[in-house]
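Chemist: Requesting a structural model of the entry that follows:
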Amino acid sequence: MDRISNIYFVPTPIGNMKDITLRALEVLEKSDIIYCEDTRNSLNLLKFHNINTKLVSYHKFNESERVEEIINNIEDGKIVSVISDAGMPIINDPGFVILQEVIKRDISYEILPGACALINGICGSGFDATSFVYMGFVPKTDSERKKYFQSFKNMKVTGIFYESPHRLLKTLKYLYSLFGNINICVCRELTKLFEEYKRGCLEEIISYYSEKGVKGEIVLIIEKISDEAVYIISNVIAQYGELASWKLSKLSHDEISWKNARKGLSVCDNGDNKLSLEDIEEDAKKVRPYDHIWDMYLDEFEDYEDL
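Modeler: Predicted coordinates for the structure are as follows:
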């Protein structure tokens with residue numbers, strides 16, 4: 001026998017209208033009122049499944065005023081459902097405020113299982129999903145982004161992020177400046193006709209979307225950054241993170257590897273000489289002790305001279 005609750009939080013499809021459970025459809029059909037983000041969007045879903053339940057808008061701009069209305073409807077014995085435009089309510093969508101109030105007043109509620117973009121993203125990425133963290137939408141400003149991604153780096157787990165298509169390339173380039181050429185997966189238009197999982201290192205993904213352009217809804221997955229990589233990145237940031245670009249340029253041009261590769265060339269000449277791995281090792285010794293971590297780092301680039 002199904003449990004009877006006063007309010008239901010019901011997940012809706014993230015793209016394909018058929019990706020909704022039988023129980024979710026039953027709950028929406030038996031509800032007296034469905035609170036949703038956009039009545040026009042949700043009406044399309046209800047029409048597709050032949051459901052005629054009354055829709056009422058419930059979004060971040062009217063959330064506070066709707067709470068008492070929802071509570072009153074529940075106390076009047078009405079069955080209430082809360083949905084978002086797509087996916088699981090509460091996760092980056094309206095629902096959290098009403099859920100808190102429902103818990104506070106000891107009202108019976110139920111969270112139905114169903115479609116969720118972040119779960120599709122982590123599963124489809126092919127990255128380790130034994131431990132991961134969901135961090136929501138990437139902040140817009142550089143200062144906020146830096147703190148945000150630094151906190152992720154220290155977690156040492158696979159990361160899940162939401163990002164808008166028009167900011168994706170900027171974010172990927174910012175990630176490259178922080179972490180180097182790490183592995184990521186861009187999950188685009190999940191469950192829709194043009195669904196895409198684009199995996200690879202940052203350089204490959206940046207090049208791909210710079211040429212192709214970015215459209216559709218994005219879930220960004222960052223592969224777990226190893227302890228060794230975190231150690232190297234932390235040292236690089238600590239050593240050079242606050243330096244101006246001109247100073248970084250001067251430092252690199254003063255290194256043995258750079259000078260030897262530029263031998264015989266004037267300041268204006270373009271050269272195609274490769275940096276010597278031995279020279280890079282010598283430069284590295286000046287930065288910090290030559291330890292097992294640096295040995296590991298060099299092993300990853302043992303075929304550097306063959307590139």
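Chemist: Can you tell me how far M17 is from K192?
Modeler: 11 Å (C-beta to C-beta, to the nearest Å). Glycine gets a C-beta too; all of them are placed from N, C-alpha and C.
Chemist: now K30
Modeler: 29 Å.
Chemist: where exactly do the strands run in the stretch 201-307 of the chain?
Modeler: Listed in chain order, the strands found in the stretch 201-307 of the chain under DSSP state E, counting those that start in this stretch are 218-222.
Chemist: can you give me the helices for it?
Modeler: 202-212, 227-240, 245-253, 256-261, 277-287, 292-300 (DSSP state H, counting those that start in this stretch).
Chemist: in the stretch 1-150 of the chain, which spans are helices?
Modeler: With DSSP H, counting those that start in this stretch as the criterion, the stretch 1-150 of the chain has helices spanning 22-30, 39-48, 63-75, 96-104, 117-125, 142-153.
Chemist: out of the ones you listed, which comes closest to K173?
Modeler: helix 142-153 (11.2 Å; C-beta to C-beta).
Chemist: from the chain's centre, how far out does that closest one sit?
Modeler: 13 Å (C-alpha atoms, centre = their mean, to the nearest Å).
Chemist: how much does it deviate in direction from strand 218-222?
Modeler: Put simply, helix 142-153 runs at 50 degrees to strand 218-222, going by axes from the mean of the first three to the mean of the last three C-alpha atoms, to 10 degrees.
Chemist: What strands flank the helix or strand following helix 142-153, and is each parallel or antiparallel?
Modeler: Later in the chain than helix 142-153, the nearest helix or strand by DSSP states H and E is strand 158-163. Paired neighbours of strand 158-163 in the sheet (DSSP bridges): strand 132-137 (parallel), strand 218-222 (antiparallel).
Chemist: Comparing those, which comes out most buried?
Modeler: Across the strands paired with strand 158-163, averaging neighbours per residue (mean count of other C-beta atoms under 10 Å) puts strand 218-222 on top, at a mean of 24.
Chemist: Show the pLDDT at the nearest residue to V97 once chain neighbours are set aside.
Modeler: Excluding the flanking residues, the one nearest V97 by C-beta to C-beta, 6 or more residues apart in numbering is E63, at 5.1 Å. E63 carries a pLDDT score of 81 in this model.
Chemist: Give the full set of residues in contact with E63.
Modeler: Contacts for E63 (C-beta atoms under 8 Å, 6 or more residues apart in numbering) come out as P94, V97, I98.
Chemist: Check C201 too.
Modeler: Listed by C-beta under 8 Å, 6+ apart, the contact partners of C201 are N181, I182, N183, I184.
Chemist: looking at the residues you listed, which has the most residues close by?
Modeler: I184 (25 neighbours; other C-beta atoms under 10 Å).
Chemist: Next, that one: phi, psi?
Modeler: In terms of degrees, to the nearest 10, the main-chain angles of I184 are phi -140, psi 170.
Chemist: From C201, how far off is the nearest residue to it once chain neighbours are set aside?
Modeler: Excluding the flanking residues, the one nearest I184 by C-beta to C-beta, 6+ apart is I222, at 5.3 Å. I222 sits at a distance of 11 Å from C201 (criterion: C-beta to C-beta).
Chemist: Find residues that contact each of those two.
Modeler: Joint contacts of I222 and C201 (C-beta under 8 Å, 6+ apart) are I182, N183, I184.
Chemist: any idea which of these is closest to S276?
Modeler: Looking across the shared contacts of I222 and C201 and measuring by C-beta to C-beta, the closest to S276 is I182, at 25.6 Å.
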